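**Q** okay, structure incoming, though there's no sequence with it:
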């Protein structure tokens, strides 16, 4: 079995699970929240199990753009209003779970991908740990989502 690199972050948002699920599952809005994803667009009818979409991404160091790339993702779980999940480029799984918490929703975002080995592992560690950066990005995404939905 291949080892996985994983990370997770969560936040409580003062909105119903169905409202938070709808916002996240509309991937065309992901660029509003993510510090790395700048835009997404459906490649088919969207918002359903098996739907595919492209995501434009940019890695930045302050004001400097280090890398830009586009991924193709497939929705692998669409269980309204509890789970939204997709796999980017067939390797990285991104999962959002929504659970009622008092008058709002606890949102948990997580990722998993095959752990780097060999030279890739050396580069990822030398460049500041990709897993650590992705976890930080999830926290920022969830904080921005909270601000937007509670406004």
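**A** Good, I have the coordinates. Everything quoted here is computed from the prediction, not taken from an experiment. Numbers count the residues shown, from 1 in each chain.
**Q** so for the biggest helix by length in the chain, what gets flagged as buried?
**A** Determined from DSSP state H, the single longest helix within the chain is helix 130-150. For helix 130-150, the neighbour count (16 or more other Cβ atoms under 10 Å) marks 130-131, 133-135, 137-139, 141-142, 145-146, 149 as buried. For glycine as for every other residue, the C-beta is placed from the backbone atoms N, C-alpha and C.
**Q** please apply the same query to stretch 51-62.
**A** Residues 51, 53, 55, 56, 57, 59 are the ones in stretch 51-62 that count as buried (16+ other Cβ under 10 Å).
**Q** over to stretch 27-39?
**A** By neighbour count on 16+ other Cβ under 10 Å, the buried set for stretch 27-39 is 27, 29, 30, 31, 33, 34, 35, 36, 37, 38, 39.
**Q** where in this protein is the helix or strand with the lowest mean pLDDT?
**A** Least confident helix or strand of the chain, by mean pLDDT, DSSP states H and E, is helix 118-126 with a mean of 60.
**Q** just to revisit the earlier point, could I get the buried residues of helix 130-150 as TSV with distance to residue 23 and pLDDT?
**A** Output for these, formatted as TSV (distance: Cβ to Cβ, whole Å; pLDDT from 0 to 100):
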residue	distance to residue 23	pLDDT
130	26	77
131	26	80
133	24	86
134	21	89
135	21	92
137	18	94
138	15	97
139	17	98
141	12	98
142	11	98
145	7	98
146	11	98
149	6	98
